[in-house]
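Colleague: Sharing a model that was predicted from the sequence below.
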2 protein chains.
Amino acid sequence: MTISDAPKFRRYAAEERAAMLVQAGLDCLAEGGITAFTVDNVCKRAGASRGLIAHHFGSKDGLLAAVYEAAYAPMLAKIAPETGALALGQLIDTMFDAEAHDLPTLRTWLALWGEIAVNPALKAAHRRNYGQYRAIVEGAIAAHGRSRGLKLDAGPLAASVIALVDGLWLEQCIDPEGFDSQRARTACLGMLEPVLGPLDP
Amino acid sequence: MTISDAPKFRRYAAEERAAMLVQAGLDCLAEGGITAFTVDNVCKRAGASRGLIAHHFGSKDGLLAAVYEAAYAPMLAKIAPETGALALGQLIDTMFDAEAHDLPTLRTWLALWGEIAVNPALKAAHRRNYGQYRAIVEGAIAAHGRSRGLKLDAGPLAASVIALVDGLWLEQCIDPEGFDSQRARTACLGMLEPVLGPLDP
DNA sequence: GGCCTTGCTGAACGGTTGTACAGTAGGGTC
DNA sequence: GACCCTACTGTACAACCGTTCAGCAAGGCC
């Protein structure tokens, strides 16, 4: 075998290569937002040629939808009641830590959210994922109330809890240095307890 | 005067024209996010030629920084204690309504936030504006606690309140239909009162 | 070793991007 | 009406955008 016989590229199984492109897409979003999510950038990062995105996803928008799913999946997995539902206190703790509190992560979500209204496939994916997210929180609040004899309005409360966690996450990401996250978090939990009762299991 | 003598364009005072470009930039961001914030788009919307942005702001990034300032200004104006500080209850109400709860507004802020880390001028502007925002809320909470003999930790509490408002605003913007904003808002206020005491003046 | 499927490449395309700059013309001043 | 300052235009430019597609080649199978 001479040197010129070395393979110029490696062939992967279709779904394996697709996953590589999705990961490269996530990296691009994290690094430079939607502006950096270009065919050139993504393919270069994935170590593939410019044509691959069209080949595997039909178009750039197709890849973006897949990227959105991939971004949401691990968060849902963390709070999903697979091995039995989490206690409310644990759930909220998990929600706080489900996403990294840094700028790259923020940039990824800002970019994705900003495209939801424009990209129909993304909008559908968002409704599905967020609905699932909210249903889990609502279920946990309802169960919490039942087990303690509290009459809780689970719907609006779930929205409030999610808003609190998201808002805190947002501020913390935007300005990581100038934000005392631990104290803010304690203050938030202190805000929830008078309404929900003690959160310790 | 013949028809051909009609002026081809109108001359404005420099700062007036600059304001027109900033407004056009805001409109573009609201409509299509950072992707729609192009020299072509902005100038067309402002009724000017492609060269004007460079002429007035040096570059596209220069304009973007000016746009950020312009986006923050009205919100700060609403909560700024010009004619005496607002009572905490009033302040929180104002915070809830300071920004429109719709997709265009969301898209504008997502786009701006996403660029903060990339654009140094934007980062500086954000720190200045957000610091001012937070100082106002902190001051109101401290005053509230003093006047009622409560020992409040104003710093973390301010961060929590801002997070709550921002998070609620975020969810509401992302999915305006599927979100019962009034009940969520009531739930949020109900969450604050046990910590802060009654918010009515 | 030869065949064959298909993952993959890479050039070509028309369109859009931001910036530069030479030149035009609006409109106040005299 | 002549002058002048400068706000402004509009073309030219090189770089980059997403999509298309004809054809190459990797690597399993016989």
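Modeller: Received the coordinates, thanks.

Colleague: any low-confidence regions in chain A?
Modeller: Scanning chain A for pLDDT under 70 picks out A:1-5, A:82-84, A:178-179, A:200-201.

Colleague: now the helices for it?
Modeller: For chain A, the helices defined by DSSP state H occupy A:14-32, A:39-46, A:52-57, A:60-79, A:88-98, A:103-116, A:120-148, A:154-174, A:181-196.

Colleague: Specify the stretch among these that is closest to DNA strand C.
Modeller: Smallest distance to DNA strand C across these (CB to the nearest atom of the strand): 3.4 Å, for helix A:14-32. All C-beta spots, glycine's among them, are computed from the backbone N, C-alpha and C.

Colleague: The closest one vs helix B:103-116, what angle?
Modeller: For helix A:14-32 against helix B:103-116, the angle by axes from the mean of the first three to the mean of the last three CA atoms, to 10 degrees is 80 degrees.

Colleague: Excluding chain neighbours, what is closest to the residue nearest to the spatial centre of chain A?
Modeller: Nearest residue to the geometric centre of chain A (CA atoms, centre = their mean): residue A:72, 3.7 Å. Closest residue to residue A:72 apart from its sequence neighbours, by CB to CB, 6 or more residues apart in numbering or on different chains: residue A:129 at 4.3 Å.

Colleague: which parts of chain A sit against DNA strand D?
Modeller: Residues of chain A found near DNA strand D (CB under 7 Å from any atom of the strand) are A:7-11, A:37-41, A:50-51, A:53-55, A:59-61.

Colleague: Just the buried ones from those residues, in ChimeraX syntax?
Modeller: Restricted to buried positions by 16 or more other CB atoms under 10 Å in any protein chain shown, the ChimeraX selection for those reads:
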select /A:37,41,53
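
Colleague: among the residues of chain A next to DNA strand D, which are in reach of DNA strand C?
Modeller: The residues of the residues of chain A next to DNA strand D that also fall near DNA strand C, by CB under 7 Å from any atom of the strand, are A:8-11, A:50-51, A:55.

Colleague: ok, the residues you listed vs residue B:136, which is closest?
Modeller: Nearest to residue B:136 among those, counting by CB to CB, is residue A:50 at 50.1 Å.

Colleague: I'd say the residue nearest to the centre of chain A and residue A:127 touch.
Modeller: No - counting by CB atoms under 8 Å, residue A:72 sits too far from residue A:127 to count as a contact (11.4 Å).

Colleague: Quick check: the residue nearest to residue A:72 touching residue A:79?
Modeller: No - in this structure residue A:129 lies outside contact range of residue A:79 using CB under 8 Å: 11.7 Å.

Colleague: who's more crowded, those two?
Modeller: Neighbours per residue, other CB atoms under 10 Å in any protein chain shown: of residue A:129 and residue A:79, the larger number sits with residue A:79, 20 against 17.

Colleague: Tell me how far the spatially closest residue to residue A:150 that is not a sequence neighbour lies from residue B:44.
Modeller: Nearest residue to residue A:150, sequence neighbours excluded (CB to CB, 6+ apart): residue A:197, at 6.0 Å. From residue A:197 across to residue B:44, the span is 57 Å (CB to CB, to the nearest Å).

Colleague: With residue A:25 instead?
Modeller: Computed as CB to CB, the residue A:25 to residue B:44 distance reads 31 Å.

Colleague: Comparing the two, which shows the higher neighbour count?
Modeller: For residue A:25 versus residue B:44, the count of surrounding residues by other CB under 10 Å is larger for residue A:25: 28 against 14.

Colleague: which residues touch that one?
Modeller: Residue A:25 sits next to A:37, A:42, A:63-64, A:66-67 when contact means CB atoms under 8 Å, 6 or more residues apart in numbering or on different chains.

Colleague: Quickly check those for the two that are furthest apart.
Modeller: Spatial extent of the contacts of residue A:25 (CB to CB) is set by the pair A:37 and A:66 at 12.3 Å.

Colleague: Next up, the contacts around residue A:111.
Modeller: Applying CB under 8 Å, 6+ apart, the residues near residue A:111 are A:29, A:33-34, A:37, B:110, B:114.

Colleague: hmm, try it at 6 Å
Modeller: In this structure, residue A:111 makes contact with A:29, A:33-34, judged by CB atoms under 6 Å, 6 or more residues apart in numbering or on different chains.

Colleague: Around chain B, which positions in chain A sit nearby?
Modeller: A:33, A:103, A:107, A:110, A:113-114, A:117, A:156-157, A:159-160, A:163-164, A:166-168, A:170-171, A:183-184, A:187-188, A:191, A:194-195 (CB under 6 Å from any CB of the partner chain).

Colleague: Return the residues in contact with residue A:95.
Modeller: Contact analysis of residue A:95 by CB under 6 Å, 6+ apart lists residue A:165.

Colleague: Okay, it and residue B:81: tell me how far apart.
Modeller: Going from residue A:95 to residue B:81 by CB to CB gives 34 Å.

Colleague: Residue A:159 now?
Modeller: In terms of CB to CB, residue A:159 sits 30 Å off from residue B:81.

Colleague: and the two? which has more neighbours close in?
Modeller: Taking other CB under 10 Å, residue A:159 and residue B:81 do not tie; residue A:159 has more neighbours (25 against 12).

Colleague: The nearest residue to the more buried one once chain neighbours are set aside and residue B:191, how far apart?
Modeller: Spatial nearest neighbour of residue A:159, excluding adjacent residues (CB to CB, 6+ apart): residue B:184 at 4.2 Å. For residue B:184, the distance to residue B:191 equals 10 Å [CB to CB].

Colleague: same check, this time on residue A:53
Modeller: Residue A:53 is 45 Å from residue B:191, by CB to CB.

Colleague: Let me have the helices of chain A in JSON lines, extended by distance to residue B:142.
Modeller: Formatted as JSON lines, the helices of chain A follow (distance: least, CB to CB, whole Å):
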{"stretch": "helix A:14-32", "distance to residue B:142": "38"}
{"stretch": "helix A:39-46", "distance to residue B:142": "47"}
{"stretch": "helix A:52-57", "distance to residue B:142": "53"}
{"stretch": "helix A:60-79", "distance to residue B:142": "36"}
{"stretch": "helix A:88-98", "distance to residue B:142": "26"}
{"stretch": "helix A:103-116", "distance to residue B:142": "29"}
{"stretch": "helix A:120-148", "distance to residue B:142": "32"}
{"stretch": "helix A:154-174", "distance to residue B:142": "19"}
{"stretch": "helix A:181-196", "distance to residue B:142": "14"}
